[in-house]
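Participant: how would this look folded up:
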Amino acid sequence: MTKTAKKPGGESSPARNGPKFSLWNFWVSATLLKLLLIPGYYSTDFDVHRNWLAITNKLPLKEWYFEDTSMWTLDYPPFFAFFEWILSLFVPKFVRKDGCLDIVKVGDFGLPTVIFQRGTVIFSEILLFAVLQIYINKSSLSERSANFVVASSIVLSPGFLIIDHIHFQYNGFLFSILIAAILAAKHQRYLFCGFFFATALCFKHIFLYLAPSFFAFLLRVYVLNFSNFKFKSYYDLISIVQWKNLFKLGGVVLAVFTVSFAPFISQWPQVVTRLFPFSRGLTHAYWAPNFWAIYTLLDKILTLLFLKVPYVHRLLTQIIAPPLIPATIEEIKWKLQQYNVGTKGLVQDVYFVILPQIQPKLTFLLTLFYQILAVIPVLFSPSFKRFVGSLTLCGFASFLFGWHVHEKAIMLVIIPFSFLVISDRRLLTPFRLVVSAGYVSLFPLLHGSADFLLKLLYTLVWSIIYFLALRQVTKMSSSVRRRVFFFDRFALFYIIMLLPMVIGVQMLDALKWRYEILQKYEFAGLMIYSIYCSIGTLSSWVGLSWLYNFDEPLWE
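Facilitator: Numbers count the residues shown, from 1 in each chain. Next up is the predicted model:
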């Protein structure tokens, strides 16, 4: 048996011999499934990207971020705009005639456009398979089977299937760049890590939520050197900075941003406005399963309680003075009529009737606070495992407390967590919770009985296979035998109950046409999804945070 050599940093070098694990068969089978899904359902995001193809193809660069004929204006960073422009160059003539590149208020296109755009998603996702194959190939012999399980679980992810190949987006391609940055950090290629993460940011700015972890990790392992540091005066602090490394890393990152944003420097205010549209409101039309879903539900419960039991309102007004609470029942009724209270399916600013209004500044401060808590340990002990833990918690903080979070943003948590979970079996419980709740929370993105069976069966089969496989390959630490992680039984019960919840909501939707009360509360199904899945994501965050902050040996 070939032994693996150790690198100076402690990282095992790739094994030259041993079993070969290839994602080729997975790519073939997954591609066949995705080809079958081409004529199926797609969301308004399909016309969003079709419109971006048209904008970048038909208009000069200086007009890309100003064009507003359609409501689907360009709101991704420049690298993604250039990506759309490159795709538009390959649109065949018969697809152009189909209306693929028409700048119109609402797209008018047929099957040729659908086939072309679906094909671009499938083709671009090859990069995800390639990056994860490199991840497997560079593994040591002892890690290879576990890393293969992680890689295959990502390329077959129900999240990518639902979001990209049915709902329609390019997340597989975009997350492959983020994964490349994580792998560069694992193999101590820190300049490549900075390059890939900066590139990912210039493709999709939602990755900005993960920036604190990358910044702290690269600062600590590549820029600062405390090996021979002895503090005698404040001038000694300068000696810990490796200035050559700082300039190299800074130069790489600035070069990427310069290439991306320099062509739009004169349009900078407009680009920023498009990238950060705070006018869209705290929650999406369908609440993402996060803290604000619980907050919004509490406001609904209090509103209903005050209207049905006025005595409770009168009692509370004796304790809490207006305007912290509405002064009268008539004021509550007036607010319900005048404002969007979050159950009308509108992408507008949500108004809370009873609870205090939430401002963007508060969500930013909450997100930043919990991200700082995740980043501080990396500054003191910058191991790769701790870095990925910090990355996952930064993704959690942005998803749970951010402004106008989409349910699709749960992939910011699941993908980094996938690289972490195999390191210790205690991480399996919070991982299973967030994966189960996160993938199920994506179900309302799809409509129709055929899509229901597909998303349910695919996610169920994926969960059974990979939950069992991960249990087999995760490392067992000695502390597991001394105690049982307190979320285990709760998590098992919670995950099992996801199935009746999904089937129950589907039955409510199927019976909606027969019962007037179900038509009156048409968003009840979405609310059930949001609230139940938010319990899972919040519980997973609490569990991972506990291990991250109070189980020091796990991260060494």
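Participant: tell me which helix or strand of this structure sits lowest on mean pLDDT?
Facilitator: helix 516-520 (a mean of 71; mean pLDDT, DSSP states H and E).
Participant: Using PDB, write out every CA atom in that one.
Facilitator: Taking Å, rounded to 0.1, in the frame of the first residue of the first chain, the C-alpha atoms of helix 516-520 are listed here in PDB:
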ATOM      1  CA  GLU A 516     -63.800  28.600  -0.100                       C
ATOM      2  CA  ILE A 517     -61.900  28.900   3.100                       C
ATOM      3  CA  LEU A 518     -58.800  27.400   1.400                       C
ATOM      4  CA  GLN A 519     -59.100  29.900  -1.400                       C
ATOM      5  CA  LYS A 520     -59.300  32.700   1.200                       C
END
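Participant: Which SSE is immediately downstream of it?
Facilitator: Going down the chain from helix 516-520, the next helix or strand is helix 524-550, by DSSP states H and E.
Participant: who does that next one touch, helix- and strand-wise?
Facilitator: Other helices and strands packing on helix 524-550, by 3 or more Cβ pairs under 8 Å, 6 or more residues apart in numbering; DSSP states H and E, are helix 291-308, helix 360-380, helix 384-401, helix 428-440, helix 488-510. Glycine gets a C-beta too; all of them are placed from N, C-alpha and C.
Participant: Kindly recompute the last result at 7 Å.
Facilitator: helix 291-308, helix 384-401, helix 428-440, helix 488-510 (3 or more Cβ pairs under 7 Å, 6 or more residues apart in numbering; DSSP states H and E).
Participant: Report the buried residues of it.
Facilitator: Neighbour-count burial for helix 524-550 flags 524-530, 532-541, 543-545, 547-548 (criterion: 16 or more other Cβ atoms under 10 Å).
Participant: that older thread, next, the buried residues of the least confident helix or strand of the chain.
Facilitator: residue 518.
Participant: CA atoms of the helix or strand encompassing residue 176 as PDB?
Facilitator: Here residue 176 sits within helix 171-186, counting by DSSP H and E. As requested, the backbone C-alpha atoms of helix 171-186 are provided in PDB (Å, rounded to 0.1, in the frame of the first residue of the first chain):
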ATOM      1  CA  ASN A 171     -25.900  28.300  -9.600                       C
ATOM      2  CA  GLY A 172     -23.900  25.100 -10.500                       C
ATOM      3  CA  PHE A 173     -21.600  27.100 -12.600                       C
ATOM      4  CA  LEU A 174     -21.300  30.000 -10.100                       C
ATOM      5  CA  PHE A 175     -20.800  27.800  -7.100                       C
ATOM      6  CA  SER A 176     -18.000  25.900  -8.900                       C
ATOM      7  CA  ILE A 177     -15.900  29.100  -8.700                       C
ATOM      8  CA  LEU A 178     -16.600  29.400  -5.000                       C
ATOM      9  CA  ILE A 179     -15.700  25.700  -4.500                       C
ATOM     10  CA  ALA A 180     -12.400  26.300  -6.400                       C
ATOM     11  CA  ALA A 181     -11.600  29.000  -3.800                       C
ATOM     12  CA  ILE A 182     -12.300  26.600  -0.900                       C
ATOM     13  CA  LEU A 183     -10.100  23.900  -2.500                       C
ATOM     14  CA  ALA A 184      -7.300  26.400  -3.100                       C
ATOM     15  CA  ALA A 185      -7.400  27.200   0.700                       C
ATOM     16  CA  LYS A 186      -7.400  23.500   1.500                       C
END
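Participant: Show residues contacting that helix.
Facilitator: Residues from elsewhere that reach helix 171-186 (Cβ atoms under 7 Å, 6 or more residues apart in numbering): 124-125, 127-128, 131-132, 134-135, 160, 163-164, 192-193, 196-197, 199-200, 203-204, 207, 217, 384, 387-388, 411, 415-416, 419.
Participant: Against residue 519, how distant is residue 512?
Facilitator: 6 Å (Cβ to Cβ, to the nearest Å).
Participant: how about the helices and strands packed on helix 524-550 in TSV, adding mean neighbour count, distance to residue 106 and mean pLDDT?
Facilitator: Listed next are those as TSV, based on neighbours: other Cβ atoms under 10 Å; distance: least, Cβ to Cβ, whole Å; pLDDT from 0 to 100:
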stretch	mean neighbour count	distance to residue 106	mean pLDDT
helix 291-308	18	30	90
helix 384-401	26	31	96
helix 428-440	25	31	96
helix 488-510	15	26	92
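Participant: Residue 447 is nearest to which of those?
Facilitator: Relative to residue 447, the nearest member of the helices and strands packed on helix 524-550 by Cβ to Cβ is helix 488-510, separated by 9.2 Å.
Participant: That closest one versus helix 524-550: what angle between them?
Facilitator: Angle of helix 488-510 versus helix 524-550, following axes from the mean of the first three to the mean of the last three Cα atoms, to 10 degrees, is 160 degrees.
Participant: Could the C-alpha coordinates of stretch 108-128 be exported in PDB?
Facilitator: Extracted as PDB, the C-alpha positions of stretch 108-128 are listed here (Å, rounded to 0.1, in the frame of the first residue of the first chain):
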ATOM      1  CA  ASP A 108     -42.500  36.100 -26.500                       C
ATOM      2  CA  PHE A 109     -40.600  32.900 -27.400                       C
ATOM      3  CA  GLY A 110     -41.000  29.200 -28.000                       C
ATOM      4  CA  LEU A 111     -39.300  25.800 -27.700                       C
ATOM      5  CA  PRO A 112     -36.100  26.800 -29.600                       C
ATOM      6  CA  THR A 113     -35.300  29.500 -27.000                       C
ATOM      7  CA  VAL A 114     -36.100  27.100 -24.200                       C
ATOM      8  CA  ILE A 115     -33.800  24.400 -25.600                       C
ATOM      9  CA  PHE A 116     -30.900  26.900 -26.100                       C
ATOM     10  CA  GLN A 117     -31.100  28.400 -22.600                       C
ATOM     11  CA  ARG A 118     -31.600  25.100 -20.900                       C
ATOM     12  CA  GLY A 119     -28.600  23.800 -22.900                       C
ATOM     13  CA  THR A 120     -26.400  26.700 -21.600                       C
ATOM     14  CA  VAL A 121     -27.100  25.800 -18.000                       C
ATOM     15  CA  ILE A 122     -26.300  22.100 -18.600                       C
ATOM     16  CA  PHE A 123     -23.100  23.000 -20.500                       C
ATOM     17  CA  SER A 124     -21.900  25.600 -17.900                       C
ATOM     18  CA  GLU A 125     -22.300  23.100 -15.100                       C
ATOM     19  CA  ILE A 126     -19.500  21.000 -16.600                       C
ATOM     20  CA  LEU A 127     -17.200  23.300 -14.600                       C
ATOM     21  CA  LEU A 128     -18.800  22.100 -11.300                       C
END
